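>>> Everything below, folded, please.
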Amino acid sequence: MSALHKDEQGDWQTVCLKYLLFIFNFLFWMGGAAVLGVGVWTLVEKSDYLSLLASSTFAVSAYILILAGSLVVVTGFLGCCAVIRERRRCLSVYFFFLLVIFLIELVAGVLAYVYYQRLSEELKQHLNQTMSENYAQPGKEAITAAVDRLQQDFKCCGSNNSQDWAHSVYISSIAAEQRVVPDSCCKTITHACGKRDHPSNIYKVEGGCITKLEQFLADHLLVIGAVGIGVACLQLVGAFLTACFIYLLYKEEEEEEEFGAL
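Residues are numbered from 1 along each chain as shown. Just a heads-up that it's a prediction; the model follows:
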C-alpha cells in the first residue's frame, strides 16, 4: 500500500513538473522573442549612430542578444520535445542549453551596464573629434550621413554647440562654400542654408548633440541590460525545474529497475 502511495505521489510530482515546464517554455519563447526583438531594434532603429562610437561594445551587446534570442527559439522547441518524450538525455541537453543561454544573456546585460557607466566620457572624448575631422571627407560617407541624421533627428548642431563646427576640416575647406555649419543644422534644410547660424535658422540646443545622443544610447543600454538580465533570471527557473524533472525521471527508472529485478 505504501509502495502504491509512493508511486502515485511520484506520478503526481512528474505531471506537475511537466505542466510547469510547459508553462516555462511558453514564457521562455516569449522572453526569447523579446530578446531577439530588442537586439534587432537596437541595430536597426538608429544603426547609423554606431559609426560615431569609439568602441563596438554597444553593437556587440545587441548582436549577443540576437544570438541568444535565436538560440531560445530552437531550444524552446527542443525543451517541449524533451518534456513530452520524458527522455533524460534530451532533458540533459536542454538543461545544458539553458545554462549556455543564461551565460550569453548575462554577458550582454553586464556589457550593457558597464558601457552605460562610461558612455558619457567616451562621447565627450570622441564625438567632437569624429565630427570635426571626418565630416564630408572622402571615404567617410557613413559618418557624414550619421552626423546629418543625428543633427536632424535630435534637432541639435555640433557636439557641444554650433561653434564646434568652426574648427572642422569641412567648414575650413572650399567645399563648404562659406558655410559656418553643415546644412543639416538648419531647421528647414535648403541648399547652403548653413551659411547663417542665427538661432532662427539653426538648432541651438543646450549641451549639443552629445547630450541628445548620450540620452538615446543610455535608454537603449538600459533596455538591453534589463532584458538580458531579466530573461537570464528566467533561465535559472527553467534550469531548476528541468533538473528536478530529470531527477524524478531518474528515480522512476531506478524504481522500475528494482521492480523488474524482483
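>>> Name all residues that make contact with residue 99.
Contact analysis of residue 99 by C-beta atoms under 8 Å, 6 or more residues apart in numbering lists 235, 239. Quick note: C-beta positions are derived from backbone N, CA and C, even for glycine.
>>> typo on my end, residue 58
42, 50, 115, 217, 220, 221.
>>> Restricted to helices, list the residues you listed.
Assigned to helices by DSSP state H, the following of the contacts of residue 58 qualify: 42, 115, 217, 220, 221.
>>> Show me what the lowest-mean-pLDDT helix or strand in the chain is packed against.
Every helix and strand in the chain was compared by mean pLDDT, DSSP states H and E; the lowest is helix 2-45, with a mean of 70. If you count contacts as 3 or more C-beta pairs under 8 Å, 6 or more residues apart in numbering; DSSP states H and E, helix 2-45 packs onto helix 57-85, helix 208-261.
>>> what's the angle between the first one and helix 2-45?
Using axes from the mean of the first three to the mean of the last three C-alpha atoms, to 10 degrees, the inter-axis angle of helix 57-85 relative to helix 2-45 is 150 degrees.
>>> can you check the longest one too?
With the same axes, to 10 degrees applied, the angle from helix 208-261 to helix 2-45 works out at 160 degrees.
>>> roughly how far is helix 208-261 from the heart of the chain?
Chain-centre distance of helix 208-261: 16 Å, with C-alpha atoms, centre = their mean, to the nearest Å.
>>> Determine the set of other helices and strands touching it.
The helices and strands touching helix 208-261, judged by 3+ C-beta pairs under 8 Å, 6+ apart, are helix 2-45, helix 57-85, helix 88-134, helix 141-153.
>>> hang on, the earlier thing: check the offset of the least confident helix or strand of the chain from the chain's centre.
Distance, centroid of helix 2-45 to centroid of chain: 23 Å (C-alpha atoms, centre = their mean).
>>> One more: stretch 172-187?
On C-alpha atoms, centre = their mean, the centre of stretch 172-187 falls 36 Å from the chain's centre.
>>> Would you mind pulling the contact partners of it?
Contacting residues not belonging to stretch 172-187 are listed as 135-136, 147-149, 151-152, 155, 157-158, 162, 165-166, 170-171, 189-197, 200-203 [C-beta under 8 Å, 6+ apart].
>>> what do you get for stretch 60-78?
Under C-beta under 8 Å, 6+ apart, the answer for stretch 60-78 is 25, 28-29, 31-40, 42-43, 90, 93-94, 97-98, 100-101, 104-105, 107-108, 111-112, 115, 221, 224, 227-228, 231.
>>> Identify the farthest-apart pair in the ones in helices among the contacts of residue 58.
Maximum pairwise distance among the ones in helices among the contacts of residue 58 (C-beta to C-beta): 12.2 Å, between 42 and 115.
>>> Looking at the two now, which is surrounded by more residues?
More neighbours surround residue 42 than the other of residue 42 and residue 115, with 24 against 21 (other C-beta atoms under 10 Å).
>>> any idea how far the residue nearest to residue 57 when sequence neighbours are not counted lies from residue 125?
Once flanking residues are discounted, residue 57 sits nearest to residue 115: 4.4 Å by C-beta to C-beta, 6 or more residues apart in numbering. Separation of residue 115 from residue 125 (C-beta to C-beta, to the nearest Å): 14 Å.
>>> Check residue 236 too.
The gap separating residue 236 from residue 125 is 38 Å, by C-beta to C-beta.
>>> With neighbour numbers in mind, choose between these two.
residue 236 (13 against 10).
>>> Show me where the stretch 51-200 of the chain dips below the pLDDT cut-off.
Scanning the stretch 51-200 of the chain for pLDDT under 70 picks out no residues.
>>> residues touching the residue nearest to residue 57, list them.
Counting by C-beta under 8 Å, 6+ apart, residue 115 makes contact with 55, 57, 58, 61, 221.
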